[in-house]
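Enquirer: 3D model of this:
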Amino acid sequence: MHGNVRVGAAMTMERRTLGTILKRMTPSRHQAADVALIIGGSLILAYGVTAILIPYQFISGGALGVALILHYLIPAGDISLLYVLVNIPLVLLGWFKVGHRFMYYTIFGVITFAVMTRFMHPEAVMIDNMILAAILGGITCGTGLGVVLRSAGSLGGTDILAIYINKRWDIRLGWTYLAFNSLILVAAAGIFSVDAALYMLIYTFTAGKVIDAIIAGFNQRKQIFIISEHAEELSEKILKRLGRGVTFLHGRGAYTNKPKDVIISIVTMTEVGRLKDVIFETDPDAFVIINDTLEVLGRRHGSQKIY
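Expert: Predicted coordinates:
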């Protein structure tokens, strides 16, 4: 009897252990989404590089720009191999100085992009105007990069360096991108021609706008300040009708010298019209300020990327 109990308990424990192992091995919904974003973005970027950038001898920014310059100087050098070689020291830096979680996805992204670039051989997109070709390249490659950057990883390169410098010296990521791309811009002008550098500027500007639209455009928020004599009533309607949080800031009118509650809230682009209706049906004399936001983090508005 006791032997059967021990056997049953052992089998139950074994099933639990196996279930725990399988659960850990099975990717979560968020992990699967991150992998899908990296694969999809890499596919789009690889197409842009092989069908537009290389045929027109355009130069990109970041590690891809370095790999493209080396490829143009050494035509026998495979762009995918050069891209991996350029990323090796940056990946090592990221692995030891940035964070393993971010680097797992980034290493996967670098390898995925390199493989797709190696085996993708699309026909070149034929455009007579070089400026239009640079714009199309920026749209295509910017879309690919933007999709990847919505994941928990990146495609390596300057992203790793910028994050490391930001964590070490608190220098904004944008300054690192600007400095690194400026060096590539000068190199393009010196090694190739001023025209090549100008086409790079057009490409980089277009790609940057597309990346911003993909990363922030679908998650854009508006910051609302409302000064009203009916602050309590307004806050209740915003909470109930829009389902948005409200915070009171305590102020004082300079002219009347009376205390006032200032409402602050964050809403989406599509909710601005509804919010205006709520405000002015409650208090037509309300004073309203609507600002664009650079980034909003917190519950229901997004979270910080963990490296």
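
Enquirer: Just the residues contacting whichever strand or helix holds residue 190, thanks.
Expert: Element membership of residue 190 [criterion: DSSP states H and E] is helix 173-191. If you take CB atoms under 8 Å, 6 or more residues apart in numbering as the criterion, helix 173-191 is touched by 59, 61-62, 65-66, 69, 73, 158, 161-163, 165-166, 196-197, 200-201, 204. Placement of C-beta: from N, CA and C, glycine included.

Enquirer: And the helix or strand following it, what does it pack against?
Expert: Moving toward the C-terminus from helix 173-191, the next helix or strand (DSSP H and E) is helix 194-215. Judged by 3 or more CB pairs under 8 Å, 6 or more residues apart in numbering; DSSP states H and E, the packing partners of helix 194-215 are helix 130-149, helix 173-191.

Enquirer: If you count neighbours, what's buried in helix 194-215?
Expert: The neighbour-count check on helix 194-215 (16 or more other CB atoms under 10 Å) flags 196-200, 202-204, 206-208, 210-211, 214 as buried.

Enquirer: Nearest to residue 29, out of these: which one, please.
Expert: Using CB to CB, the shortest approach to residue 29 within these belongs to residue 214, at 20.8 Å.

Enquirer: Look at the residue nearest to that closest one when sequence neighbours are not counted and say how many residues are nearby.
Expert: Once flanking residues are discounted, residue 214 sits nearest to residue 146: 3.0 Å by CB to CB, 6 or more residues apart in numbering. Residues within reach of residue 146, counting by other CB atoms under 10 Å, total 24.

Enquirer: pLDDT wise, what is residue 146 at?
Expert: Confidence at residue 146, expressed as pLDDT, is 88.

Enquirer: ok, now the one 10 residues further on?
Expert: Looking at residue 156, its pLDDT stands at 87.

Enquirer: State the phi and psi torsions of it.
Expert: Dihedral pair for residue 156: phi 80, psi -150, per degrees, to the nearest 10.

Enquirer: State the number of residues packed around it.
Expert: 27.

Enquirer: Could I get the full set of strands for the stretch 201-307 of the chain?
Expert: 221-227, 247-252, 259-268, 287-292 (DSSP state E, counting those that start in this stretch).

Enquirer: Adjacent strands (with direction) for the last one?
Expert: According to DSSP bridges, strand 287-292 has the following sheet partners: strand 221-227 (antiparallel).

Enquirer: and the angle for the partner strand with strand 259-268?
Expert: Interaxial angle, strand 221-227 versus strand 259-268 (axes from the mean of the first three to the mean of the last three CA atoms, to 10 degrees): 160 degrees.

Enquirer: between strand 221-227 and strand 247-252, how big is the angle?
Expert: Using the same axes, to 10 degrees: strand 221-227 against strand 247-252 is 40 degrees.

Enquirer: Give the buried residues for strand 221-227.
Expert: 221, 222, 224, 226, 227.

Enquirer: Enumerate the beta-bridge partners assigned to the second one.
Expert: For residue 222, the beta-bridge partners are residue 267, residue 292 (DSSP bridges).

Enquirer: Now do it against residue 167, distance only.
Expert: Plainly put, residue 222 is 30 Å away from residue 167 if you go by CB to CB, to the nearest Å.

Enquirer: mind showing which ranges of the chain have poor pLDDT?
Expert: For the chain, the stretches with pLDDT under 70 are 1-27, 173-174, 216-220, 294-295, 297-307.

Enquirer: Can you flag the buried ones in the contacts of helix 173-191?
Expert: The buried subset of the contacts of helix 173-191 (16+ other CB under 10 Å) comprises 59, 61-62, 65-66, 69, 158, 161-163, 165-166, 196-197, 200, 204.
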